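Peer 1: got a predicted structure here, sequence first:
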Amino acid sequence: MSKKKEVTKDEAVVNENTSEQTAEAVTEEIDETAKKIAELEEELNSQKDKYLRLCAEYDNYRKRTANEKLSIYDDATAKAVTELLPVADSIQMAITNLKDCDPEILKGIELISNQLAKSLEKLKVEPFGAQGEEFNPEIHNAISKIDDENFEKNCISQVFQTGYKIGDKIIRHAMVQVANCD
């Protein structure tokens, strides 16, 4: 004989209530899990943002220190070259004033001048302020002016002292005479 269990109305109601409670519990658990996932995603995004900002700050620091190193090198070179510029001026003055002397002496001084110019070139020091260039008050010191038809307006007619620079950094301004300026 087989015994079939009969479900009473009370048991059916209990089973139905248990199913509803189980469904509600599962729904609540899913909601809680979704909230936790949302919180974790928000925290992950926050950490990711912090990481990206830290990377950007480090990259900026690295670039800034590299620029500072170059700047320190240029400053040290400029300071050393400043001490050598009077020697360069004296050599140029000797070449200018010794045109009538023994050619061998003049040739020796010109060789020294060329050697000094090559040394300055290796240090990336550039001379500026040649006759015929346009006058620029940011890099030239005008110590006199003349009116001369042979030169254009605001043109350097004579150079008293050559200027020198490293890149955009001026080591010494050129002292010049300016033609046809207002």
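Peer 2: Received, thanks.

Peer 1: how close does residue 62 sit to residue 114?
Peer 2: 40 Å (C-beta to C-beta, to the nearest Å). Backbone N, C-alpha and C define where each C-beta goes, glycine included.

Peer 1: typo on my end, it should be residue 35
Peer 2: On the measure of C-beta to C-beta, residue 35 and residue 114 end up 80 Å apart.

Peer 1: residue 66 now?
Peer 2: The gap separating residue 66 from residue 114 is 34 Å, by C-beta to C-beta.

Peer 1: same question for residue 165.
Peer 2: Residue 165 is 20 Å from residue 114, by C-beta to C-beta.

Peer 1: who's more crowded, those two?
Peer 2: residue 165 (20 against 11; other C-beta atoms under 10 Å).

Peer 1: how far off centre is the helix or strand harbouring the more buried one?
Peer 2: Here residue 165 sits within strand 163-166, counting by DSSP states H and E. Distance of strand 163-166 from the chain centroid (C-alpha atoms, centre = their mean, to the nearest Å) equals 20 Å.

Peer 1: and it, which strands flank it?
Peer 2: Sheet pairing for strand 163-166, assigned by DSSP bridges, gives strand 125-128 (antiparallel), strand 169-172 (antiparallel).
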